[in-house]
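Enquirer: This is a predicted model, with the sequence first.
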Amino acid sequence: MKEASAAKTTRSSTLLCLPPTSLIICSRNRPKLLFECVHSVLQGDEVPSELVLIDQSDAPHSILEALKTNRTCEIRYLWTHSIGLGRARNAGISAARHDILAFTDDDVIVPSTWFGSLIRGLIDAGQRAVVTGQVLPTAPERPGGFAPSTKVEEAPAIYEGRVGIDVLWGNNMAMYRSAIGNVGGFDERLGAGSHFPASEDNDLGFRLLEAGYRINYDPEAALYHRAWRNERDFLALRWSYGRGQGAFYAKHLSVSDGYMLWRMVTNVKNHVFGLARRLRHQRRLAYGDALYILGLLSGAAQWILTQRRTR
């Protein structure tokens, strides 16, 4: 990892027009969250050329289907029978009309400066880079509410090669179409709604780094992950995250290359230490660590037994 310069040149206050862009948002059975996310995007200082909504809900949503705006942004609502976040994101990529692709999720709210900051960060970084940004939690929207995946560091960073951690946030990222085309898109076996319900973004990030791309973390491109889940969701989500992460590790395990095995063992050890530290006074978090470990081992074992070992 390279720390980006603290003296990074300030982007011009006289903003040049953005090039043509596609923003892809995937959703399933969360129309209210999706509508509010879209509303925040359309309130931005700058908006994408097109907004591609991939809806995997049980039935199409008439309000979203008819959604219009007076901004210079075409809204394209695509309802599909398919299930799985990796599959939905690939469908969004196929449907998108432009070469700059941005992604977020239906359970975020974006500030007015977010989209312009994300896209200008990508343009500044060049075609051999992918940009990801800050993911901040909102205040809980219900008792015990939480946002499960956040990135709050304030210092920019540039990641290259094998950095030992996952550094791409799927709900806040932008890339050129050529980058995702070169590494083969999202693995549809991974991600929410699949048998391995997480880590489709970690897998993509790893493959991009292995292919020689940089991942730039730009905290100026900040958005908010809504803390809408309730306390009952916590343990199930930890299991799901573990399952997806274990499958991701197993996908890239190699007899001749111990890197991913080292990463998997390190992750398990860290959660074992966390479990032991929290067991007495933070039991809910300790149980979450335990379920994450079990999910990780379960996901890795099932992947090895059932999936073709390809990258």
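Expert: Received it, and whenever you're ready, just let me know what you need. Residues are numbered from 1 along each chain as shown.
Enquirer: Isn't residue 83 up against residue 56?
Expert: Yes - in terms of CB atoms under 8 Å, residue 83 counts as a neighbour of residue 56; the distance is 5.5 Å. All C-beta atoms are positioned from the backbone trio N, CA, C, and that covers glycine.
Enquirer: nearest residue to residue 119 other than its sequence neighbours?
Expert: Ranked by CB to CB, 6 or more residues apart in numbering and with sequence neighbours excluded, the top spatial neighbour of residue 119 is residue 18, at 5.3 Å.
Enquirer: Confirm that the one you found sits in a strand.
Expert: No - if the criterion is DSSP: H, G, I helix; E, B strand; the rest coil, then residue 18 is coil and not within a strand.
Enquirer: burial count for it?
Expert: Applying other CB atoms under 10 Å, we find 16 other residues in the vicinity of residue 18.
Enquirer: ok, it - contacts?
Expert: Shown in contact with residue 18 (CB atoms under 8 Å, 6 or more residues apart in numbering): 46, 49, 116, 119-120.
Enquirer: now swap in residue 245 and tell me
Expert: Applying CB under 8 Å, 6+ apart, the residues contacting residue 245 are 198-199, 202, 267, 292, 295-296, 299.
Enquirer: which residues are contacting whichever strand or helix holds residue 136?
Expert: Using DSSP states H and E, residue 136 maps to strand 129-137. Residues outside strand 129-137 that contact it (CB under 8 Å, 6+ apart): 108, 114, 117-118, 121-122, 125, 146-147, 149-154, 167-169, 171-175, 179, 205, 208, 213-225, 227.
Enquirer: Make a PyMOL selection of whichever of these turn out to be buried.
Expert: Only the buried entries of the contacts of strand 129-137 go into this PyMOL selection, using 16 or more other CB atoms under 10 Å:
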select buried, resi 108+114+117+118+121+122+125+146+147+151+167+168+169+171+172+173+174+175+179+205+208+213+214+215+216+217+218+219+220+221+222+223+224+225+227
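Enquirer: Out of the contacts of strand 129-137, list just those in helices.
Expert: Per DSSP state H, helices hold the following members of the contacts of strand 129-137: 114, 117-118, 121-122, 125, 179, 205, 208.
Enquirer: shouldn't residue 204 be in contact with residue 188?
Expert: No - applying CB under 8 Å, one finds residue 204 not in contact with residue 188, separated by 11.6 Å.
Enquirer: Of the two, which one has the most company?
Expert: Just comparing residue 204 and residue 188: by other CB under 10 Å the higher neighbour count belongs to residue 204, 27 against 18.
Enquirer: residue contacts, the nearest residue to that one once chain neighbours are set aside?
Expert: By the measure of CB to CB, 6+ apart, the closest residue to residue 204 outside its immediate chain neighbours is residue 186, 5.8 Å from it. By CB under 8 Å, 6+ apart, the contact set of residue 186 is 85-87, 89-90, 200, 203-204.
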